[in-house]
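Chemist: Task: produce atomic coordinates for the following.
(chains A and B, ligands or ions: 5)
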Amino acid sequence: MHELSVCRALLREAMRAAGAEGPPLRSVTVRIGPLSGVDAGLLARAWPTLSAADLLIEAAPLRVSCEACGTESAVTPQDLTCRACGDWRTRLLGGDELLLVRIGLEAEDAHV
Amino acid sequence: MCESCGCSITPRTGPAEVAVLTRLLADNDVTAAHNRAHFDDWGVLAVNLMSAPGAGKTALLEATIPALRDCRIGVIEGDLETENDAARIRAHGVPAVQITTGTACHLDAAMVHEALHEMDLRALDLLFVENVGNLVCPAAFDLGQHRNVVLLSMTEGDDKPAKYPVMFRAADLVLITKTDLAPMLDDFSVERASAALRRIGSEAPVINISARRGEGIERWLAWLRAERAARHAAAAAG
Ligand SMILES: Nc1nc2c(ncn2[C@@H]2O[C@H](COP(=O)(O)OP(=O)(O)O)[C@@H](O)[C@H]2O)c(=O)[nH]1
Ligand SMILES: [Mg+2]
Ligand SMILES: [Zn+2]
Ligand SMILES: [Zn+2]
Ligand SMILES: [Zn+2]
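Modeler: Numbering: from 1, shown residues only, chains lettered A, B, ... in the order given. Ligands and ions are numbered 1, 2, ... in the order given. Below is the predicted model of the structure:
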């Protein structure tokens, strides 16, 4: 799968955030939703081949809002129906994200 | 074909604060938007075909090209399983560009952009991109297409939408293929497949189709023509 290319994108974005002349990366925090299409385990395994920085993974919850009754529910990737009324017409509130959340830098504990 | 834009896709840069909550595939999205602008410049409808390996994407194209005579078709072939897919398409008299990227498990927008340089969009109404046979990653990469079509063959099982929700949620249309095999496959239920699709929140219409026997081809062509008309209307409205 493409976890290695996702790692490359992650490293590129993290270096961009750190700045060309900036201190080396100490940690990189990424947020992954279950519908992002990326497997957290595979990502964690691919990362050390590219960078010595710590990769910290935050799991984003999968939540939907029902178009029929307005209820917000925590759902699973296999079943995004409303937990209150059972309607399938729901809107995704979160759970498909694939985000660089923050970076930690060597020297001072700078969070960007 | 990029004479107007020069194709200088400059990476987004900015102050470091902006990097918080950066979408990791933002670079791909920039290139995808650029591809879409090319399609829109020339009034071309771009359709991305995705499926597991062997679900029948190339066979569908081979059945579609001769049936859709009122439409100038081009194909970008990204299916790496079978090297001769582009040749199969060209045999039907339409331009086809083969993307060869070794062992890539998905197409990305940059690969498609490169292929576009070998394709004369002015001479096309409809461009198909046949993606790599894979139900996992192709869905995560926008190529600049207007519509995603996901093929699910009857030999794969009706639980696929639940197993690959990211892929099936991306579908604007789901084609259940190889329906000529239905008499031999008593464990595939179109109703169950459709129900699984609704459960993952997809509103995509479902068409049963057999590239071999022609079942469902008319409905598929009608969907394509409606999408073409919608594109034209959008272009006319500016
Ligand atoms: N029975 C039957 N077989 C099909 C049909 N469409 C494709 N196939 C077969 O499925 C295999 C894979 O088809 P192909 O179009 O290459 O799949 P792709 O990998 O998705 O492009 C080939 O052996 C085709 O002959 C169909 O409608 N009915
Ligand atoms: Mg093929
Ligand atoms: Zn991939
Ligand atoms: Zn509800
Ligand atoms: Zn261009």
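
Chemist: contacts and neighbour counts: CA atoms only from here.
Modeler: Fine.

Chemist: The nearest residue in space to A:T76 that is not next to it in sequence and chain B, how far apart?
Modeler: Once flanking residues are discounted, A:T76 sits nearest to A:L62: 6.6 Å by Cα to Cα, 6 or more residues apart in numbering or on different chains. A:L62 is 12 Å from chain B, where distance means Cα to the nearest Cα, to the nearest Å.

Chemist: In chain B, what residue lies closest to ligand 4?
Modeler: B:G201 (12.3 Å; Cα to the ion).

Chemist: any idea how far A:E67 is from that residue?
Modeler: Distance, B:G201 to A:E67, by Cα to Cα, to the nearest Å: 11 Å.

Chemist: Run through the neighbouring helices and strands of the helix or strand harbouring B:L49.
Modeler: Assigned by DSSP states H and E, B:L49 belongs to strand B:45-51. Here strand B:45-51 touches helix B:57-67, strand B:126-130, strand B:147-153, helix B:217-237, going by 3 or more Cα pairs under 8 Å, 6 or more residues apart in numbering or on different chains; DSSP states H and E.

Chemist: let's see 10 Å
Modeler: Strand B:45-51 sits against helix B:26-41, helix B:57-67, strand B:73-77, strand B:126-130, strand B:147-153, helix B:165-169, strand B:173-177, helix B:217-237, with contacts defined as 3 or more Cα pairs under 10 Å, 6 or more residues apart in numbering or on different chains; DSSP states H and E.

Chemist: where does the residue of chain A found nearest ligand 5 land in three-state SS?
Modeler: Going by Cα to the ion, ligand 5 is nearest to A:A9 of chain A, at 21.3 Å. Under DSSP: H, G, I helix; E, B strand; the rest coil, the three-state class of A:A9 is helix.

Chemist: Report the contact partners of the spatially closest residue to it that is not a sequence neighbour.
Modeler: Nearest residue to A:A9, sequence neighbours excluded (Cα to Cα, 6+ apart): B:L24, at 5.9 Å. By Cα atoms under 10 Å, 6 or more residues apart in numbering or on different chains, the contact set of B:L24 is A:6-14, A:30, A:97-100.

Chemist: Against A:E106, how distant is B:L24?
Modeler: Distance from B:L24 to A:E106, counting by Cα to Cα: 22 Å.

Chemist: any idea which helix or strand carries A:R45?
Modeler: Going by DSSP H and E, A:R45 is in helix A:40-46.

Chemist: Return the set of buried residues in that helix.
Modeler: A:40, A:43-44, A:46 (16 or more other Cα atoms under 10 Å in any protein chain shown).

Chemist: As CSV, these with pLDDT and distance to B:R122 would be great.
Modeler: Output for the buried residues of helix A:40-46, formatted as CSV (pLDDT from 0 to 100; distance: Cα to Cα, whole Å):
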residue, pLDDT, distance to B:R122
A:A40, 91, 43
A:L43, 92, 41
A:A44, 95, 45
A:A46, 93, 42
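
Chemist: one step back: is the strand holding B:L49 anywhere near ligand 3?
Modeler: No - against ligand 3, strand B:45-51 shows no contacts by Cα under 5 Å from the ion, the least distance being 12.4 Å.

Chemist: Report the angle between that strand and helix B:57-67.
Modeler: Angle of strand B:45-51 versus helix B:57-67, following axes from the mean of the first three to the mean of the last three Cα atoms, to 10 degrees, is 140 degrees.

Chemist: Can you show me the CA trace of strand B:45-51 as CSV?
Modeler: Taking C-alpha atoms only, strand B:45-51 is exported to CSV below (Å, rounded to 0.1, in the frame of the first residue of the first chain):
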residue,chain,number,x,y,z
LEU,B,45,-15.7,14.7,-18.7
ALA,B,46,-13.1,12.7,-16.8
VAL,B,47,-14.2,9.4,-15.2
ASN,B,48,-12.0,7.4,-12.9
LEU,B,49,-12.6,3.6,-12.9
MET,B,50,-11.6,1.8,-9.8
SER,B,51,-12.0,-1.9,-8.7
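
Chemist: Now it: average pLDDT?
Modeler: Averaged across strand B:45-51, the pLDDT comes to 98.

Chemist: ditto for stretch A:74-94
Modeler: 96.
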